[in-house]
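# here is my input, please return the structure:
(2 chains)
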2 protein chains.
Amino acid sequence: MGAISRDGLDVARRSREIVREKIREVLGEDIERYSEWEMRIIERVVHATADMEYAKLIRFKNHPIERGIEGIRNNCPMVVDVEMVKVGIRYDNIFSFIDDERVYEIAKEEGITRAAAAMRVAKPYIDRGIVVVGNAPTALFEVVRLIEEEGVEPRLVIGVPVGFVKAGESKELLRSIDVPSITTEGPKGGTPVAVSIANGIVELSRGREV
Amino acid sequence: MGAISRDGLDVARRSREIVREKIREVLGEDIERYSEWEMRIIERVVHATADMEYAKLIRFKNHPIERGIEGIRNNCPMVVDVEMVKVGIRYDNIFSFIDDERVYEIAKEEGITRAAAAMRVAKPYIDRGIVVVGNAPTALFEVVRLIEEEGVEPRLVIGVPVGFVKAGESKELLRSIDVPSITTEGPKGGTPVAVSIANGIVELSRGREV
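Got it, this is the predicted structure:
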């Protein structure tokens, strides 16, 4: 929110303290499994959703935060699935192709979703870039296909689509391959989860308090 | 997502069916308290968050959906708290003042948050308009102040800020006054909750399946 007033800062600080304490309670001894950076990301997601369950649902694979920071310090492209996610992330070299003309054509011709077609169009940006999927499972399936079948190598995939159909499966599939990833277990996820993870990494890369 | 492929439509349809069934389980006999339109809005929020708890957290006061539909059919202004919420809502006559120059000045001079200052700037649009607050409790407190102290009359306030500090209180305050409102009980809420409620009302106003 970019709080500049004392009131705003107070709310943010108190909220952060409450979140930390609650996460400690929820995780118990499991808290030791997480690095300091991972805890920052978890805190941020809980803060953005007011949903304590996320403390237990977030998965980190293959040093994803380190890889993300490295990418951002090199100003690598970031590809997101929808405009809402793009607007929320404080990073300039960011792309969403969901409204691209080619996407409509490919989706129609291939019989795939626009979200999946958008990832196909984004292929050159995904290679050596960071991918953020907050909504459509079909977009995440397409990212995995690009990695597996077309040798595309993202630095990091933040895969947190939401929904009771296919979202959980798409994230499980992402976790099963070797790419650095941050995901949620099960159906939960969505725009604020994606945005808070991405912004957390952006701020860590700039050495700021997340 | 504007799914145009069969795959996308299938996911959406199956997901909607699962959501309906789960809500029925969660609400039990309480389901009879809700109108058909209210159930549509609840379904939409659960669909957007994959969080069943929302079935029990959403509150409707003073025929808010009817008032919202009436406003949208009259193309009334809609004022939102942040850009992410604006991007997600499919309605043209929509405004966010968070990045307005005057907002920075007012926030600094008055020692209030930018989110609150943005509502102050939005005053002429809020009167007879629809307000959507998905993030900042301070914005919602300011909306209530405009209503109570300055006689501003919004048609509907969708007030679903998120957070462990002040968010719950701000929504309780909104529910305590006489304006038509849709809120969530407690700390949960956020951008997807705000966006799905607003889009649900927009689509109902156009006579479409929500």
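
# contacts for the helix or strand containing residue A:42?
According to DSSP states H and E, residue A:42 maps onto helix A:36-49. Residues outside helix A:36-49 that contact it (C-beta atoms under 8 Å, 6 or more residues apart in numbering or on different chains): A:15-16, A:19-20, A:22-23, A:31, A:34, A:52, A:54-55, A:58, A:60, A:65-66, A:182, A:192-193, A:195-197, A:199-201, A:204, A:210, B:162-163, B:188, B:190. In this view, the C-beta of every residue, glycine as well, is placed from N, C-alpha and C.

# quick one: the helices in chain A?
Assigned by DSSP state H, the helices in chain A fall at A:6-27, A:36-49, A:54-57, A:64-73, A:83-88, A:101-110, A:114-121, A:123-126, A:137-150, A:167-176, A:191-205.

# tell me which of those helices sits nearest to residue A:158.
Among the helices of chain A, helix A:191-205 comes nearest to residue A:158, with 5.2 Å by C-beta to C-beta.

# can that closest one be found next to chain B?
Yes: if you take C-beta under 8 Å from any C-beta of the partner chain as the test, helix A:191-205 does meet chain B, through A:191, A:192, A:195.

# next one: that helix to chain centre, how far?
A distance of 7 Å separates the centroid of the chain from that of helix A:191-205, by C-alpha atoms, centre = their mean, to the nearest Å.

# give the contact list for the closest residue to residue A:88 other than its chain neighbours.
Leaving aside its chain neighbours, residue A:88 sits nearest to residue A:195 (3.6 Å; criterion: C-beta to C-beta, 6 or more residues apart in numbering or on different chains). Residues near residue A:195 by C-beta under 8 Å, 6+ apart: A:48, A:85, A:88, A:89, A:134, B:84.

# quick check: of those residues, which lies closest to residue B:168?
For the contacts of residue A:195, the nearest to residue B:168 is residue A:48 (15.9 Å; C-beta to C-beta).

# do you know how far the closest one is from residue A:154?
Separation of residue A:48 from residue A:154 (C-beta to C-beta, to the nearest Å): 23 Å.

# count the neighbours of residue A:32 for me.
By other C-beta atoms under 10 Å in any protein chain shown, the residues close to residue A:32 number 7.

# kindly report the same for residue A:36.
Residue A:36: 8 neighbours (other C-beta under 10 Å).

# now do stretch A:65-79: everything it contacts.
Applying C-beta under 8 Å, 6+ apart, the contact partners of stretch A:65-79 are A:35, A:37-38, A:41, A:89, A:91, A:93-97, A:119, A:122, A:125-126, A:128-132, A:155-156, A:158, A:180, A:182, A:198, A:201-202, A:204-205.

# where are the low-confidence patches of chain A?
Applying pLDDT under 70 to chain A picks out residues A:1-8, A:208-210.

# go with 80
A:1-12, A:208-210 (pLDDT under 80).

# picking up where we left off before, now, of the contacts of helix A:36-49, which are buried?
A:15-16, A:19, A:22-23, A:34, A:52, A:54-55, A:58, A:60, A:65-66, A:182, A:192-193, A:195-197, A:199-201, A:204, A:210, B:162-163, B:188, B:190 (16 or more other C-beta atoms under 10 Å in any protein chain shown).

# thinking again about what came up before, give me the buried subset of the contacts of stretch A:65-79.
Among these, the ones that count as buried by 16+ other C-beta under 10 Å are A:37-38, A:41, A:89, A:91, A:94-97, A:119, A:122, A:125-126, A:129-132, A:155-156, A:158, A:180, A:182, A:198, A:201-202, A:204-205.

# the nearest residue to residue A:11 once chain neighbours are set aside and residue A:43, how far apart?
Once flanking residues are discounted, residue A:11 sits nearest to residue B:165: 5.1 Å by C-beta to C-beta, 6+ apart. In this view, residue B:165 and residue A:43 are 14 Å apart by C-beta to C-beta.
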